[in-house]
Structures are given as structure tokens and as C-alpha cells.
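Q: No sequence on hand, only this structure:
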Ligand code: SAH
């Protein structure tokens with residue numbers, strides 16, 4: 001194709017030969033002077049051999065690779081990639097009357113760097129993390145209609161907070177298709193919820209905790225459950241279905257508490273086992289009596305959003321987990337998570353270990369959790385691994 005050109009410095013094609021999808025600015029020898037952020041570019045080695053085609057961007061990552069083959073980025077390309085992604089979700093059994101919410105595209109994990117698509121019943125929510133994906137949004141929208149077919153009634157575009165800069169790209173949050181009569185109830189493992197893609201966080205619901213919520217359900221029977229950082233209450237309504245005796249949900253955002261109450265009510269109307277509190281997590285945990293809860297969930301927001309914040313974040317995880325270990329009843333269980341991409345599994349485990357040691361309790365690891373299969377990790381791009389969790393038995 002006649003795309004503009006980027007030429008790499010000698011030997012800088014090595015990581016691309018191993019299919020790593022990013023090209024850093026330090027690897028670039030030459031580029032077309034008229035190149036605009038978001039444009040599709042062809043990338044060549046120093047010896048002038050084609051090596052990749054991708055979206056050009058300004059910053060430390062200059063190209064996010066769309067293909068290692070010389071091909072045109074057209075409707076056929078988008079349809080092909082989206083149908084590969086959909087087939088994977090079908091193969092892992094995610095689409096059924098019991099479950100119509102799933103992540104269709106997980107960025108690099110689906111060969112589409114900078115693109116997230118979550119599906120909630122009849123609505124797909126597209127989120128761009130690069131200008132290239134932003135500029136391709138209408139093409140992606142058309143391809144989505146072809147690939148998802150009649151089941152798709154609305155496409156909402158939500159990239160106001162995820163695009164790399166706020167240079168008035170325009171139309172960052174809007175319906176690209178449908179939007180008139182929206183069915184706003186989706187189903188996850190047979191439980192109903194209202195995803196709020198317009199006002200909620202991210203695309204409106206955290207689909208990445210689906211499997212971990214199902215595990216929690218298995219441990220809930222007869223328990224008093226405390227769901228910290230509940231957001232829209234996912235873990236809470238699973239615990240209720242699992243037979244918990246009491247479920248308390250806590251989030252500092254009163255909007256989140258409202259959504260939690262709505263979702264609990266949708267599944268368990270007039271069920272007085274549940275109560276939700278709009279309060280700071282540390283304050284709430286500090287004020288509760290020990291032994292009150294047999295099961296505590298800690299699913300805080302990413303404490304480290306970049307490498308510079310790792311040290312403080314680890315302190316934060318340690319402090320938070322230490323309070324949970326202090327408070328959980330003997331023989332209790334703690335589900336603890338970190339969704340910070342820059343915190344490794346080992347570093348997180350070490351923080352939890354330190355917290356356990358501080359509390360002096362005997363703690364055993366029952367499960368090591370991660371992100372679900374609709375958030376696949378491209379083996380050539382380990383940076384795509386972000387969610388980790390531990391299920392701990394506290395004597
Ligand atoms: N467990 C949730 C997702 C959690 S997202 C789920 O399954 O969907 C993290 C949540 O932490 C957000 O809803 C945010 O409002 C909340 N939060 C952030 N800081 C907090 C604090 N200091 N105390 C309590 N909640 C907090």
C-alpha cells in the first residue's frame with residue numbers, strides 16, 4: 001500500500017521479528033516529514049525490507065503494529081480481525097443465554113493495539129487508546145455491524161478519558177450507531193446488571209472479574225461478606241446467589257453505591273441481606289470490629305498507573321491487605337487483587353506476604369487468580385498481563 005514510511009535503525013527490527021507490537025522512538029532512523037499522528041505507516045528495516053504496518057503516534061511508542069504482513073488497513077482487515085476475536089469468545093463458551101457480556105477486543109491481546117471493545121447484550125462499547133484507533137472508529141463500527149450482525153443494536157464510543165491527549169479530536173463520547181431504544185440490562189453468568197457506559201467508569205462494568213466472582217460465589221455459603229471497592233457490586237450479587245448470610249458493599253463513590261444497590265435489587269428484590277456504604281475503604285476497615293466478616297474482597301483501583309508510582313503503590317497494597325488480615329474472622333478468606341499493569345505478580349505477592357507477616361496471622365494461598373480468557377495475553381506482549389489476585393485462607 002501507498003502508506004507513508006518509517007525506516008528503522010540497523011538491528012532495531014529484532015523485537016518485531018518476534019512479533020512485539022510496539023516500535024519505540026529510539027528505534028526510528030527516518031520518517032516521512034508530513035506524517036500525522038494516527039496515520040497508517042509502513043515500517044521498513046535499515047536494509048529497506050518491509051517489516052510491519054501500524055498506527056503512527058507521537059511519544060515514546062511511535063508505532064503500534066496492526067500487521068506484520070504487507071496489507072491494506074481496510075474494511076476487510078477490520079472484519080477479519082474482529083471475526084477472529086469473536087470466534088475466540090465463542091470457542092471459550094462466553095456467548096450464551098446465560099452470558100451476553102464479554103470483552104470482544106482486548107488491545108494487543110487481539111492484535112489490535114490501542115483498541116478495547118466490550119459487548120453488553122445488544123450494545124458494543126468501543127474505547128480507543130490511540131489516535132490511530134480514534135480515526136479508524138467509523139471503519140471499526142462498520143466492521144462490528146458486519147461481524148456481530150442482527151444481535152447488535154447500538155455502538156457507543158467512549159474515549160474521552162483514554163486518548164493520549166486532549167487535542168480536540170472531537171466526538172469522543174457518543175453513539176456511533178443506534179442509541180434510541182437501548183436495552184440497558186446485560187447478563188453475566190446468569191446474573192443481571194445495568195452497565196452504565198455513558199456515565200460509569202471504563203466501558204461501564206468490569207467484565208474482567210467474571211471468573212473471580214464465580215469463584216467467590218462458591219465460597220460464600222453461610223458467610224458474612226465484605227466487598228471493598230465494590231463499584232457496581234459484581235462480587236456482592238454473586239455472594240448473595242452463593243448463599244451469603246450478609247453482604248456489605250463499600251465504595252467511596254456514592255454513584256457506585258447507587259449502581260450497586262440497583263444491581264442487587266435487580267437480582268434479589270427486597271432482600272435484606274445486603275447493605276451498601278459510601279465510605280473511604282481505609283476509614284471503613286479501620287472502624288469495623290474484628291471477626292465481623294468471614295470473607296473480604298479487596299479490589300482497589302490501580303494504585304500505580306506508571307513505573308514511578310510502584311514503590312508507593314506497593315506500600316498501599318501492603319497497608320490495605322494488613323488491615324484486612326487484622327479484621328477477617330478466624331478461618332476467614334480474603335480475595336485480594338491488583339489491576340496495576342506495572343506491578344508484577346511477584347511484587348504484588350510480596351506486598352501481600354509483608355501484610356500477612358505484619359498481622360501475625362497464619363495465611364495460606366488457596367488460589368492465584370488472573371484476568372479471564374476474553375482478556376487474552378499476546379505471548380509476544382507480556383505487558384498485556386495486568387490483573388492478578390490471591391485467595392487466602394487466614395487462620
Ligand atoms: N470490584 C469492582 C471494581 C472495582 S474498581 C467490580 O467488580 O466491578 C475500583 C473502585 O474503587 C471504584 O469504584 C472506585 O470508586 C473505588 N475507590 C477508589 N478509591 C477508594 C477508596 N479510597 N475507598 C473506597 N473506594 C474507593
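A: Cool, got the structure. Bear in mind that the values here come from a model prediction, so they are computed numbers and not experimental data. Residues are numbered from 1 along each chain as shown.
Q: residues contacting residue 320?
A: Shown in contact with residue 320 (CB atoms under 8 Å, 6 or more residues apart in numbering): 281-282, 285, 298, 300, 355. Where C-beta positions appear, they are placed from N, C-alpha and C, glycine not excepted.
Q: swap that for residue 383, please
A: Residues near residue 383 by CB under 8 Å, 6+ apart: 108, 341.
Q: by contact count, what packs against the worst-scoring helix or strand of the chain on mean pLDDT?
A: Every helix and strand of the chain was ranked by mean pLDDT, DSSP states H and E. The lowest is strand 173-177, at a mean of 92. On a contact count with 3 or more CB pairs under 8 Å, 6 or more residues apart in numbering; DSSP states H and E, strand 173-177 meets helix 137-148, strand 154-158.
Q: got the ones you listed as JSON lines, with distance to residue 382 columns?
A: Shown next, in JSON lines, are the helices and strands packed on strand 173-177 (distance: least, CB to CB, whole Å):
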{"stretch": "helix 137-148", "distance to residue 382": "26"}
{"stretch": "strand 154-158", "distance to residue 382": "27"}
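Q: what's the most buried one of these?
A: For these, the largest average neighbour count (mean count of other CB atoms under 10 Å) is found in strand 154-158, namely a mean of 23.
Q: so what strands line up beside that strand?
A: If you go by DSSP bridges, strand 154-158 pairs up with strand 123-128 (parallel), strand 173-177 (antiparallel).
Q: tell me which residues of whichever strand or helix holds residue 216 are tucked away?
A: Using DSSP states H and E, residue 216 sits in helix 210-219. Neighbour-count burial for helix 210-219 flags 210, 212-217, 219 (criterion: 16 or more other CB atoms under 10 Å).
Q: Quick check, pLDDT for residue 349.
A: Turning to residue 349, the model gives it a pLDDT of 98.
Q: which non-adjacent residue is nearest it?
A: Distances taken as CB to CB, 6 or more residues apart in numbering put residue 390 closest to residue 349, at 6.7 Å, once the chain neighbours are dropped.
Q: thinking again about what came up before, out of the contacts of residue 320, flag the one nearest to residue 82.
A: Comparing the contacts of residue 320 against residue 82 with CB to CB places residue 300 closest, at 32.5 Å.
Q: what's near enough to touch that closest one?
A: 228-229, 281, 316-317, 320, 337-338.
Q: you'd agree it is in a helix?
A: No: counting by DSSP: H, G, I helix; E, B strand; the rest coil, residue 300 falls outside a helix, being coil.
Q: and it, what are its phi and psi?
A: phi -70, psi 170 (degrees, to the nearest 10).
Q: ok, residue 361 touching residue 392?
A: No: Residue 361 is not in contact with residue 392 according to CB atoms under 8 Å; the separation is 9.4 Å.
Q: For the stretch 201-350 of the chain, which segments count as helices?
A: In the stretch 201-350 of the chain, the helices defined using DSSP state H, counting those that start in this stretch lie at 210-219, 234-241, 254-267, 281-287, 310-327, 345-359.
Q: Tabulate the ones you listed (CSV), appending distance to the ligand.
A: Shown next, in CSV, are those (distance: least, CB to the nearest ligand atom, whole Å):
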stretch, distance to the ligand
helix 210-219, 7
helix 234-241, 4
helix 254-267, 4
helix 281-287, 3
helix 310-327, 9
helix 345-359, 16
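Q: do you know which of these lies nearest residue 34?
A: Of all the helices of the stretch 201-350 of the chain, it is helix 310-327 that lies closest to residue 34, at 38.8 Å by CB to CB.
Q: Show me which residues of that closest one are buried.
A: Across helix 310-327, burial judged by 16+ other CB under 10 Å covers 310, 313-314, 316-318, 320-327.
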